[in-house]
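In: this one's sequence-less:
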DNA sequence: GTAATTAGGA
């Protein structure tokens, strides 16, 4: 490399300082500046630095400045600050750079301290200084800096404005962000992207899309922001759709795009799309970094392919705790409890410190295998051994574990004695366990408690109604129905999806909107014939039905997962596995139906519900009917 | 003869 040879030549021809001859001329500063900018290692920088010292050039403003900048961009903030302290005349460039170096390391109070020092030394800040200060800074100091920027007249600068838009939007003040954005003297792609990000991060994905659609040029960042907006707000199908548009545009996706898209595929259980993305990366030079690897493991486990998840996991050179967590959670999700616990042991042997997510994984593993005492052991070790405070989710795992195993009172005591606030999900878990074990008394006691403390939601009533139904108390069912109608509470609609030929098809209960609806319902009829022949009678689902006419009743009776399975049967080759994703927990009836259908058709059926995976093979489910 | 703003894995 020419730059390196120039550098070494310079070093070789340089005699010791004492013997410098009068006709010796050091390399011109532009060449030295070039070398500093080209340096890729701290070693090279230190050598140049030494060279400057030997030649008495250490106070050269530009070279010194570049050195300081390169130190911090190579991750050696310490060297940067040392050099900064030794610099005699610190102008606005030096200050801006040292501030920027701290900002990008997340050291905002240090950055502010430098700003104050700068003012006390009467060095005047400029717009550059402000954009460096503002980037990602906390809301309170952001607002103060906004005031300062106005006073000093920098708030109209495009960079400063963009950073301000970003700060207000990121801290949920989209209105102010939009005002700042609308009054900008000049909009740029970056400021538009900041505004789109603001909408997307606050859940206003449609407003984000409207701005996005108005762009006449789009770079990879704004595509990524928009795609990730859909992914993060539960609209993964739209994320995939937009990704397809991106592929048609001239903009090449990068690693960030992959992270969003893999997450979307995982949410959808879209294995074919996920595999396609994986091979796309291999063919387009996007390497499997620890981030991408983790996203792949997550995607493959959520799409039901633990084998591929494990292959990615084993193929990763460097694995951090997040990567281990995703594999552990993956095993737990599929009910491979022993494998999850085994992996936890491996992780400990490598002296990796578990995190709260690790415990979500292993506590779920215990729950799926009914390992009550082991679960308690892990739960207690969180605080005692690892210093991790259990969060509501960990209590959720424990209540699920205890509840499923029939330790209802123990679970109830655990919730009542928690040091943190409970939430409806946690109580819902316990109510679900009460239904499972037909414990009406405790169920009623809990609901009473929840209503008194204004903690009840629609789920609470649905569960109570289910408990009544399970115990044959039809009056109770009717009362709850009336109560829900009166309070206007709605049940969250069940939705199932299935991927066929790279396209994800979604079904609601009783859905008639699918183009192949007619064939699907014919298939349902056929399925019912098969089931009858096997001596199966449907479990009367008594929850929340409108029984106005026979047709309507029938359509409501068809749960979304049955529609998805029927669609899978008619649109995939015989013998192929049918993979369905459901947003709620699978009900007992559908679980029974899936078992029988797997036996009758000889097909493997995989259902991912809100809680875990169910692999139905030849009339049996991997959950052992315990979920 | 120097500098700044937008995206990211469980």
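Out: On my side now, so go ahead. Note that the structure is predicted; figures quoted are calculated from it, not measured. Numbers count the residues shown, from 1 in each chain, chains lettered A, B, ... in the order given.
In: Show me the shaky parts of chain A.
Out: Along chain A, the parts satisfying pLDDT under 70 run over A:1-26, A:458, A:470, A:488-491, A:538-557, A:627.
In: run the last query once more with 50
Out: A:1-15, A:18-19, A:541-553, A:555-556 (pLDDT under 50).
In: tell me the contacts of residue A:361?
Out: With CB atoms under 8 Å, 6 or more residues apart in numbering as the criterion, the residues that contact residue A:361 are A:325, A:328, A:329, A:331, A:332, A:340, A:344. In this view, the C-beta of every residue, glycine as well, is placed from N, C-alpha and C.
In: Check which helix or strand the first one maps to.
Out: It refers to residue A:325. Remark: residue A:325 resides in helix A:321-333, with elements defined by DSSP states H and E.
In: packing partners for that helix?
Out: With contacts taken as 3 or more CB pairs under 8 Å, 6 or more residues apart in numbering; DSSP states H and E, helix A:321-333 sits against helix A:290-302, helix A:306-315, helix A:337-349, helix A:356-369.
In: Disregarding flanking residues, what is the spatial nearest neighbour of residue A:348?
Out: residue A:354 (7.6 Å; CB to CB, 6 or more residues apart in numbering).
In: who's in contact with the one you found?
Out: A:321, A:344, A:347, A:348, A:386, A:388.
In: still on that earlier bit, will you turn the contacts of residue A:361 into CSV that also has neighbour count?
Out: Written out in CSV, the entries for the contacts of residue A:361 read as follows (neighbours: other CB atoms under 10 Å):
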residue, neighbour count
A:325, 26
A:328, 28
A:329, 22
A:331, 26
A:332, 29
A:340, 25
A:344, 23
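In: out of those, which one sits closest to DNA strand B?
Out: residue A:325 (3.4 Å; CB to the nearest atom of the strand).
In: circling back to that earlier point, near DNA strand B, which of the contacts of residue A:361 show up?
Out: Among the contacts of residue A:361, the residues within reach of DNA strand B (CB under 7 Å from any atom of the strand) are A:325, A:329.
In: Now do the same for residue A:317: helix, strand or coil?
Out: Three-state assignment for residue A:317 (DSSP: H, G, I helix; E, B strand; the rest coil): coil.
In: which outside residues touch stretch A:53-73?
Out: Under the contact criterion CB under 8 Å, 6+ apart, stretch A:53-73 has outside partners A:14, A:17, A:26, A:29, A:32-33, A:36-37, A:39, A:42, A:45, A:48-49, A:52, A:77, A:79-80, A:83-84, A:86-89, A:91, A:93-94, A:97-98, A:101, A:105.
In: and DNA strand B, which of these reach it?
Out: When the contacts of stretch A:53-73 are filtered against DNA strand B using CB under 7 Å from any atom of the strand, the residues retained are A:91, A:93, A:97.
In: Out of the residues you listed, which end up buried?
Out: Buried subset of those (neighbour count, 16 or more other CB atoms under 10 Å): A:93, A:97.
In: Make a markdown table from the ones next to DNA strand B among the contacts of stretch A:53-73 and add secondary structure to it.
Out: Output for those, formatted as a markdown table (three-state DSSP):
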| residue | secondary structure |
| --- | --- |
| A:91 | coil |
| A:93 | helix |
| A:97 | helix |
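In: is it possible to export the ones next to DNA strand B among the contacts of stretch A:53-73 to JSON lines including distance to residue A:142?
Out: As requested, these are arranged in JSON lines below (distance: CB to CB, whole Å):
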{"residue": "A:91", "distance to residue A:142": "25"}
{"residue": "A:93", "distance to residue A:142": "23"}
{"residue": "A:97", "distance to residue A:142": "20"}
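In: picking that back up, for the contacts of residue A:354, pick the one with the most neighbours.
Out: Within those, neighbour counts (other CB atoms under 10 Å) peak at residue A:344, which reaches 23 neighbours.
In: Give me the neighbour count for the residue nearest to that residue when sequence neighbours are not counted.
Out: Leaving out its chain neighbours, the residue that sits closest to residue A:344 by CB to CB, 6+ apart is residue A:362, at 5.3 Å. As a burial measure, residue A:362 scores 28 neighbours (other CB under 10 Å).
In: what's near enough to touch residue A:362?
Out: So residue A:362 contacts A:328, A:332, A:340, A:341, A:344, A:378 (CB under 8 Å, 6+ apart).
In: now, which of the residues you listed sits nearest residue A:367?
Out: residue A:332 (8.4 Å; CB to CB).
In: residues contacting the closest one?
Out: Listed by CB under 8 Å, 6+ apart, the contact partners of residue A:332 are A:340, A:361, A:362, A:364, A:365, A:368, A:612.
In: The last one contacts residue A:337, doesn't it?
Out: No: judged on CB atoms under 8 Å, residue A:612 makes no contact with residue A:337 at a distance of 10.7 Å.
In: where do the contact lists of those two overlap?
Out: For the pair residue A:612 and residue A:337, residues contacting each of them under the criterion CB under 8 Å, 6+ apart are residue A:368.
In: quick one: which helix or strand includes residue A:397?
Out: Take DSSP H and E as the rule and residue A:397 turns out to sit in helix A:392-404.
In: mind listing what's buried in that helix?
Out: Applying a neighbour-count criterion of 16+ other CB under 10 Å, one finds A:393, A:394, A:395, A:396, A:397, A:398, A:399, A:400, A:401, A:402, A:403, A:404 buried in helix A:392-404.
In: Check stretch A:443-457 too.
Out: If you call a residue buried by 16+ other CB under 10 Å, then stretch A:443-457 has these buried ones: A:443, A:446, A:447, A:450, A:455, A:456.
In: try stretch A:154-171
Out: Within stretch A:154-171, the residues that count as buried by 16+ other CB under 10 Å are A:154-155, A:157-171.
In: buried sites along the helix or strand hosting residue A:430?
Out: Residue A:430 is part of helix A:424-436, with elements assigned from DSSP H and E. Buried residues in helix A:424-436, counting neighbours by 16+ other CB under 10 Å, are found at A:426, A:427, A:428, A:429, A:430, A:431, A:432, A:433, A:434, A:435, A:436.
In: residues contacting the fifth one?
Out: So that's residue A:430. Neighbours of residue A:430 in contact, by CB under 8 Å, 6+ apart: A:399, A:403, A:408, A:411, A:412, A:415, A:446.
In: Alongside DNA strand B, which residues does the stretch 51-200 of chain A contribute?
Out: Listed as neighbours of DNA strand B in the stretch 51-200 of chain A under the rule CB under 7 Å from any atom of the strand: A:61-62, A:65, A:69, A:91-93, A:96-97, A:100, A:103-104, A:126-129, A:131-132, A:134-136, A:157-160, A:162-163, A:166, A:170, A:188-191, A:193-194, A:197.
In: The residues you listed in helices, which ones?
Out: When DSSP state H is applied, these are split such that A:61-62, A:65, A:69, A:92-93, A:96-97, A:100, A:103-104, A:127-129, A:131-132, A:134, A:158-160, A:162-163, A:166, A:170, A:189-191, A:193-194, A:197 fall in helices.
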